[in-house]
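> Predicted structure and sequence below. I'll ask about it afterward.
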There are 2 protein chains.
Amino acid sequence: MARKTGSHSDITGPRIQQAALTLFARHGYAAVSMRQIAAEVGVQAGAIYNYVPHKQTLLFELLRTHMEELLAAADAALAPGADPAAALDAFVRFHIRFHLERVDLVFISYMELRSLEPDNFAHIARQRHSYETRLETILQAGQGVAFRVEDTKLATLALIAMLTGVTNWFRDAGRLSKADVEAKYLAMARALVGA
Amino acid sequence: MARKTGSHSDITGPRIQQAALTLFARHGYAAVSMRQIAAEVGVQAGAIYNYVPHKQTLLFELLRTHMEELLAAADAALAPGADPAAALDAFVRFHIRFHLERVDLVFISYMELRSLEPDNFAHIARQRHSYETRLETILQAGQGVAFRVEDTKLATLALIAMLTGVTNWFRDAGRLSKADVEAKYLAMARALVGA
DNA sequence: CTTTGATTTGAACGCCCGTTCAGTTACCCG
DNA sequence: CGGGTAACTGAACGGGCGTTCAAATCAAAG
């Protein structure tokens, strides 16, 4: 072997992922061409195929990796034995922080599910469901003791929709800091479940 | 004049709108071609241009009309003088009912905003803000008396995200009927604002 | 039944798409 | 410093895109 494997690919590979992420979030998967992604990286379109077999893989890998990181980070942030009230607080804080750091990925995860081929879609849907289960487990554990929730499944969906919605409007230059938003949404989440 | 104006256009025009709506919701604006829309209607692609000047107009008119109907229906459903608690109830019920009857339009309204040209985007954004204001006005009117809300603007965004989220998962064949969902979300909305 | 104009067809316009691949370049190893 | 291969270029492939428009079709009015 002469040239060390990946002497440039260490750089180009991630740059392609990053460019795809930004462009997909801004214009949508279908509206972004391989040539646009390549131009953003400063390379010809053909070069992308040294890193990814199809355009579809580019999207799927972004989402799959995102969901894997979400699940791993959630498990790290949420102590399993904590009492329900503290667990809900931790979940809310974690969810807002994690998602506000990745607004482009969150956006794509919701908007471009329909652009995934069936198998890939099923994979992401399974990961998402696994994440939602973490919250529902907390609500079930506290149901009737720390919380008053009529329907834990519905409360889970309501909470996640409410919390994830922050990524649609939050701006760093806005009226509220991330810490403000976190505190106020925590209060609303507690109220919602009757904590 | 020989043939009566619109002898077929009365039929073809709406059918084009309907086909565009369904296809945009399923595959996304950028991924749907004029030829696909035409095929769905049973017509050649060129015929669409008797009804719409560009593809962009097709999307914009769907969203603009949807938002106009939303605003008009909201004004009809929400009595202006009602007391805050009753007004919130009415808003929640109205929002869920209206949006569950139009899931495709709701989906497009959130996903394809980025596909709108700047002027068209600004128009829809203005309409949406106008709608949100109706809820915030209710929260402000009841703040401290019927409700306990830390931040009426944030509570507005949280409520709308929570309520609109229903359109992402609700299925007629599912565990809960629309009436069930409406009742349970109403309870959660009340709890969220401390009613 | 002919006229008339709304409606639609069908072909064409130039352009961009995702993907492939033979050839070129650039760099590390011996 | 020369050899070898990873990385990349640049052109090409077939095909689909949005849009235009002359010509054909159709249905009611006179």
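Arrived safely. Numbers count the residues shown, from 1 in each chain, chains lettered A, B, ... in the order given.
> Does DNA strand D have contacts with stretch A:102-121?
No: judged by CB under 7 Å from any atom of the strand, stretch A:102-121 and DNA strand D are separated, with a smallest distance of 14.8 Å. Any C-beta I mention is one placed from the backbone N, CA and C, and that applies to glycine too.
> Can you confirm whether the helix or strand A:I108 falls within lies near chain B?
Here A:I108 is covered by helix A:103-111, with elements defined by DSSP states H and E. Yes: part of helix A:103-111 sits near chain B under the criterion CB under 8 Å from any CB of the partner chain, namely A:M111.
> Flag every buried residue along the helix or strand following that helix.
On the C-terminal side of helix A:103-111, the nearest following helix or strand under DSSP H and E is helix A:118-142. Across helix A:118-142, burial judged by 16 or more other CB atoms under 10 Å in any protein chain shown covers A:120, A:124, A:127-128, A:134-142.
> ok, now stretch A:31-46?
A:A31, A:V32, A:M34, A:I37, A:A38, A:E40, A:V41, A:V43.
> excluding its backbone neighbours, what's nearest the first one?
Think A:A31. Take A:A31 and drop its neighbours on the chain: the residue closest to it by CB to CB, 6 or more residues apart in numbering or on different chains is B:A30, 3.7 Å away.
> Return the alpha-carbon coordinates of the helix-or-strand element of chain A with minimal mean pLDDT using PDB.
The least trusted helix or strand in chain A, going by mean pLDDT, DSSP states H and E, turns out to be helix A:9-27, with a mean of 93. In PDB, the C-alpha atoms belonging to helix A:9-27 read as follows (Å, rounded to 0.1, in the frame of the first residue of the first chain):
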ATOM      1  CA  SER A   9     -11.300  10.700   2.800                       C
ATOM      2  CA  ASP A  10     -11.000  11.500   6.500                       C
ATOM      3  CA  ILE A  11     -11.800  15.100   5.500                       C
ATOM      4  CA  THR A  12     -14.000  14.700   2.500                       C
ATOM      5  CA  GLY A  13     -16.300  12.100   3.900                       C
ATOM      6  CA  PRO A  14     -17.600  14.100   6.900                       C
ATOM      7  CA  ARG A  15     -17.700  17.300   4.800                       C
ATOM      8  CA  ILE A  16     -20.100  15.500   2.400                       C
ATOM      9  CA  GLN A  17     -22.300  14.500   5.300                       C
ATOM     10  CA  GLN A  18     -22.300  18.000   6.700                       C
ATOM     11  CA  ALA A  19     -23.100  19.600   3.300                       C
ATOM     12  CA  ALA A  20     -25.900  17.100   2.700                       C
ATOM     13  CA  LEU A  21     -27.300  17.800   6.200                       C
ATOM     14  CA  THR A  22     -27.400  21.600   5.600                       C
ATOM     15  CA  LEU A  23     -28.800  21.400   2.100                       C
ATOM     16  CA  PHE A  24     -31.400  18.800   2.900                       C
ATOM     17  CA  ALA A  25     -32.600  20.900   5.800                       C
ATOM     18  CA  ARG A  26     -32.800  24.000   3.800                       C
ATOM     19  CA  HIS A  27     -34.200  22.800   0.500                       C
END
